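[1] A predicted structure for the sequence below; I have some questions about it.
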Amino acid sequence: LFEKYKTFKDVVSAESYKDAAAEGDRSTKPGDGHKDAISALVFDDTHGILYTASLDGVILAWVVQTGAKKAQFSMEASHSQGISSLLLWKGFLYSGSFDASIIKWGLTNHDILQRYCGHSEVVYGILGIEGCLLSCSRDGGIRVWNEATAECLFELRGHRAAVLCVATAGGMLFSGSDDSMIR
């Protein structure tokens, strides 16, 4: 089944570096990526862009077809610690961090559009649904945010430990926790 799939490493080969350099893209060279562990990634299928985030606090955009680095998101006044989660939703990129915040990013200029603050510990997951963002955290809560205003509408509590992931299906919200429970 997986024989038809290439790895990103296969795409980002020495040849793609040579091709990109010949086209004037000097940003694409070995070692021009993250400086710490990759902690999250999300793929924009429409535009063929892979967004990667790292514990170094950096978000990079990669053109999957060529392996070329397209952009580095502005880290000025962004997260103060490493990035733990990414969500691509409604034409925006959202990043959750060990600094307990979520940032909404513009995809054109890679600039900060909004900041969601309220968790007291790392944001492990972000989910978008019907004009709301849901985020889960090591603080044991799931917060529901008004996506447009960044206002926390309410918090769900039910786990005895960190909430590590959230998902929706059939009009239901599911959460997984370090307490070994699914709610």
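    Sure thing, it's come through.
[2] Quickly list what the spatially closest residue to Trp89 that is not a sequence neighbour is bridged to.
    The shortest distance from Trp89 to any non-neighbouring residue, by CB to CB, 6 or more residues apart in numbering, is to Gly128 (3.7 Å). Bear in mind the C-beta positions are built from the backbone N, C-alpha and C, glycine included. Taking DSSP bridges as the rule, Gly128 bridges to Leu133.
[3] And Gly128, how close does it get to Ile103?
    14 Å (CB to CB, to the nearest Å).
[4] Show me which of these two is the more surrounded one.
    Ile103 (24 against 17; other CB atoms under 10 Å).
[5] can I assume the more buried one is in contact with Ile112?
    Yes: Ile103 is within contact range of Ile112, at 5.6 Å (criterion: CB atoms under 8 Å).
[6] shared neighbours, these two?
    Ser78 (CB atoms under 8 Å, 6 or more residues apart in numbering).
[7] What residues are bridge-paired with the residue positioned nearest the centre of the chain?
    Nearest residue to the geometric centre of the chain (CA atoms, centre = their mean): Leu86, 1.4 Å. Residues in a beta bridge with Leu86, per DSSP bridges, are Ser95.
[8] Go ahead and confirm it touches Leu127.
    No: counting by CB under 8 Å, Leu86 does not reach Leu127; the two are 11.6 Å apart.
[9] picking up where we left off before, and the residue nearest to Trp89, what is it in contact with?
    So Gly128 contacts 87, 89-90, 94, 134, 147 (CB under 8 Å, 6+ apart).
[10] For Tyr51, see how far away the residue nearest to the centre of the chain is.
    Counting by CB to CB, the gap from Leu86 to Tyr51 is 6 Å.
[11] shared neighbours, those two?
    With CB under 8 Å, 6+ apart, Leu86 and Tyr51 have common neighbours 41-42, 59, 93.
[12] Counting neighbours, which of those comes out on top?
    Ile59 (26 neighbours).
[13] From Leu50, how far off is Ile38?
    With CB to CB as the criterion, Ile38 and Leu50 are 11 Å apart.
[14] Among the two, which residue is more densely surrounded?
    Between Ile38 and Leu50, counted using other CB under 10 Å, Leu50 has the larger neighbour count: 17 against 14.
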